[in-house]
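Novice: Could you work out the structure for the sequence below:
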Amino acid sequence: MSSFNGWFRKYLLFCGAAVNAIFIALLIFKPSWLWKASDILFTKVMPDRHHSQPVVDQDHIKKELAANFPPWQPLQSPTASLSNKVISSDQFPSLQAAANALNDGDILRISPGIYNEAFTLKANNVVIEGLGHVVLEGKAAGGKAAIVNIGNFNQIRNIECRNIKVSAGNGACIRHQGSNLKLVHVYFHDSQQGILTVKKPGLVEIEDSRFENLGHRGQAHGVYVNGGQLRISNSLMLAAKSEGHEVKSRAAMTFIEDTIIASLSSKDSRLVDVPNGGVLVITRSILQQGPRSSNQDVIGYGLEGLKHAENKVTLSENIFLLERQGVNNLFHTRESNAEIMTDKNIIIAERDPELTGMNLFFDSRSKAGLEDFPMLPKLAK
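Specialist: Next up, the predicted model:
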């Protein structure tokens, strides 16, 4: 028996040394693997089990959204045509036929209605706009998206898109494969993804738009930009589902201003995920992490390593509500080389996140003079 005990002790020592060696090797050569494993361990395998999380269905979340925001309404006035050629969708048997007829610089106006159609856009410098209430529903071109944009410097405005799903799990309202795209007053919701881009999308601008109830198994998100630059302004990014992020950006520069990004009671992940660093600016916005968020981070930065020449973070004049049951982490980075500046933010959380700069901290909504959950503050005009 004593010889067995001696052998067993040696076996345990050997196993401990081997595990230690593997850990050190990973820490030196593949640190990102360790960080990913720790994120999975603490946010998925071992979530905060001492906190019970009630099941919340989509009807409940929709009631929360309705309590905070009026229904999306289409614009009634089209863009000025100036010297651009204007084409009406009524002239063609399908939206794809209308898109095929576009020359560079044209405007396509889609007549009101619900379209169970999808199309690919190849022309450049064109405007695709809904004339009144236009809905794209349930169809994906090429197994990708309701609109696959291959052209450059295009604009899509005043369109609602919903219920886009594909077998790959990343069905989007827009798949952007060209360079430079502007979205104005669009409403993308209840799909696997809002917008997905290639690695060189140019500048992606999102203005006066609403993205809601988007995401799929942590792999698809409300906004997923894979490079270039991203600018979001005067918009709503709400209630991502199925552990999706409201905004995921691999862009060299990500600017978010005058925008509400909120979980409410959805089971989302991070509100903003910027895995490769770069310039991140969030200002005059409201970010609310809900009680059922699956990830403890509100903002993730550089968690897959810095891959851009300039790495700088500015968080200013925002309101942060950290309301997740369990651990809350306002800003998560492992990169000491990034320059981080925070100033004039209001933070509502049980624990002070200890940000630098002149920020106001409250441990409850009531002390900050805010309404109870699920009501959100209003953006300052």
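Novice: Could you list the domains of the chain?
Specialist: 1-46, 58-74+199-381 (automatic domain parsing).
Novice: Just give me the lowest mean pLDDT stretch among these.
Specialist: Lowest mean pLDDT within the domains of the chain: domain 1-46, at a mean of 54.
Novice: quick one, helices of this protein?
Specialist: 2-29, 31-40, 58-68, 95-100 (DSSP state H).
Novice: rewinding a little: just say which of the domains of the chain is most tucked in.
Specialist: Counting by mean count of other CB atoms under 10 Å, domain 58-74+199-381 has the highest mean neighbour count of the domains of the chain, with a mean of 20. From N, CA and C alone the C-beta is placed, and that goes for glycine too.
Novice: that older thread, take the domains of the chain and write them to CSV, including distance to residue 184.
Specialist: Output for these, formatted as CSV (distance: least, CB to CB, whole Å):
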stretch, distance to residue 184
domain 1-46, 35
domain 58-74+199-381, 5
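Novice: quick one, which of the ones you listed is nearest to residue 90?
Specialist: domain 58-74+199-381 (17.3 Å; CB to CB).
Novice: how near is residue 378 to residue 299?
Specialist: 22 Å (CB to CB, to the nearest Å).
Novice: Residue 356 against residue 345, yeah?
Specialist: No: contact criterion CB atoms under 8 Å: residue 356 and residue 345 do not qualify, at 10.8 Å.
Novice: Tell me what the most centrally placed residue in the chain is bridged to.
Specialist: Compute the mean C-alpha point of the chain, and by CA atoms, centre = their mean the closest residue is residue 247, 1.7 Å away. Per DSSP bridges, residues listed as beta-bridge partners of residue 247: residue 223, residue 272.
Novice: just checking, residue 351 touches residue 329?
Specialist: No: the pair residue 351 / residue 329 is not scored as a contact, 9.8 Å apart, by CB under 8 Å.
Novice: Now do the same contact list for residue 86.
Specialist: Going by CB atoms under 8 Å, 6 or more residues apart in numbering, residue 86 touches 106-107, 109.
Novice: do that again at 6 Å, thanks
Specialist: By CB atoms under 6 Å, 6 or more residues apart in numbering, the residues touching residue 86 are residue 107.
Novice: separation between it and residue 110?
Specialist: 12 Å.
Novice: and what of residue 269?
Specialist: For residue 269, the distance to residue 110 - CB to CB - is 33 Å.
Novice: With residue 192 instead?
Specialist: Residue 192 is 23 Å from residue 110, by CB to CB.
Novice: Neighbour count: these two, which is higher?
Specialist: Legend: neighbour count by other CB atoms under 10 Å for residue 192 and residue 110, higher for residue 192 (27 against 23).
Novice: May I have the phi/psi pair for that one?
Specialist: Dihedral pair for residue 192: phi -70, psi -30, per degrees, to the nearest 10.
Novice: Now do the shared contacts for residue 86 and residue 110.
Specialist: Joint contacts of residue 86 and residue 110 (CB under 6 Å, 6+ apart) do not exist.
Novice: Provide a list of residues in contact with residue 140.
Specialist: Per CB under 6 Å, 6+ apart, neighbours of residue 140: 118, 164, 166, 171.
Novice: Filter those down to the buried ones and hand me the ChimeraX line.
Specialist: This is the ChimeraX syntax for the buried subset of the contacts of residue 140, where burial follows 16 or more other CB atoms under 10 Å:
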select :118,164,166,171
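Novice: which among the contacts of residue 140 gets closest to residue 134?
Specialist: residue 118 (13.4 Å).
Novice: measure that closest one to residue 99 for me?
Specialist: Applying CB to CB to residue 118 and residue 99 gives a distance of 10 Å.
Novice: can you list residues touching both of those two?
Specialist: Common neighbours of residue 118 and residue 99 (CB under 6 Å, 6+ apart) do not exist.
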